[in-house]
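Visitor: turn this into a structure:
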Amino acid sequence: MAPSTILFDFDYTLADSSEAIIDCFNIGLAGLGLPAAQPDAIRATIGLSLEDSLAAVAGESMRPQAREFRRLWRERSDVIMVQLTRLLPGAAETIAGLSDQGSQLGVVSTKYRCRIEEVFERTGLRGRFGAIIGGDDVQSHKPHPEGLLLALERLRVRPAEALYVGDNAVDAEAAQRAGVPFVGVLSGVTSAERLRQWDCVAVVETVADLPQVLSTAAAGAMPG
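Guide: Have a look, this model is predicted:
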């Protein structure tokens, strides 16, 4: 049986804001007196909290500076983030199609909720989502399941009635800890092998492949 509710990660799952993230990250590093990081190193942290991202790129010793890093990031993000964010190919069509077919949709991301909402307002998709949970809505970020559990509560569904779609191992772990089936997408920087270390319903190239996964589920033969 296909799930009635589909929850999505945002960055590298539905959208690409990596250009803005790299810019904001290096502005934050400069403000802390640190040299700029390589774009690939920053891309590898997309999906993590800012605190974990800073520690991954600049070292654990910089974690106490995360509050100032966040302030600098937010200041720059206010200027460029939405402008430089684009939906990934097939994302808008998949969202509209699932919504039209009666699926409840939600987003659970570490990104600020206001950024996600602004992107969806700009693209005419805001009304398709019944719940948007950003990193500023929770105390504990992925892989902690708090965001997923909050989305389920707001949408009034049980974990087994939902599906979480994401590109990162932290998405897969959060889904497992919440008891929500998970579909991995390869539109980010995480490999299929890494995603398959978790209990995935399927690993597909992009969200455009999701309707086929759901169709298979509805036929009673959910792929492994």
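Visitor: please make it C-alpha for all contacts and neighbour counts, starting now.
Guide: Noted.
Visitor: the lowest-mean-pLDDT helix or strand in the chain: which residues count as buried?
Guide: Across the helices and strands of the chain, mean pLDDT, DSSP states H and E gives its lowest value to helix 210-218, namely a mean of 88. By neighbour count on 16 or more other Cα atoms under 10 Å, the buried set for helix 210-218 is 210, 213, 214, 217.
Visitor: cool, stretch 150-158 as well?
Guide: Buried, per 16+ other Cα under 10 Å, within stretch 150-158: 150, 151, 152, 155.
Visitor: just flag the most distant two among these.
Guide: 150 and 155 (8.6 Å; Cα to Cα).
Visitor: okay but residue 198 is in contact with residue 172, surely?
Guide: Yes: if you go by Cα atoms under 8 Å, residue 198 and residue 172 touch, sitting 6.3 Å apart.
Visitor: of the two, which one has the most company?
Guide: Using other Cα atoms under 10 Å as the criterion, residue 198 and residue 172 rank with residue 172 on top: 28 against 16.
Visitor: now the more buried one: which helix or strand?
Guide: According to DSSP states H and E, residue 172 maps onto helix 169-178.
Visitor: flag every buried residue along that helix.
Guide: Neighbour-count burial for helix 169-178, with 16+ other Cα under 10 Å as criterion, is recorded at 169, 170, 171, 172, 173, 174, 175, 176, 178.
Visitor: what's the neighbour count on the closest residue to residue 72 other than its chain neighbours?
Guide: Distance criterion Cα to Cα, 6 or more residues apart in numbering; nearest residue to residue 72, sequence neighbours excluded, is residue 28 at 5.1 Å. Using other Cα under 10 Å as the criterion, residue 28 is surrounded by 24 other residues.
Visitor: run the chain-centre distance for the one helix or strand residue 28 maps to.
Guide: Counting by DSSP H and E, the element that carries residue 28 is helix 18-31. Computed by Cα atoms, centre = their mean, to the nearest Å, the chain-centroid distance of helix 18-31 equals 19 Å.
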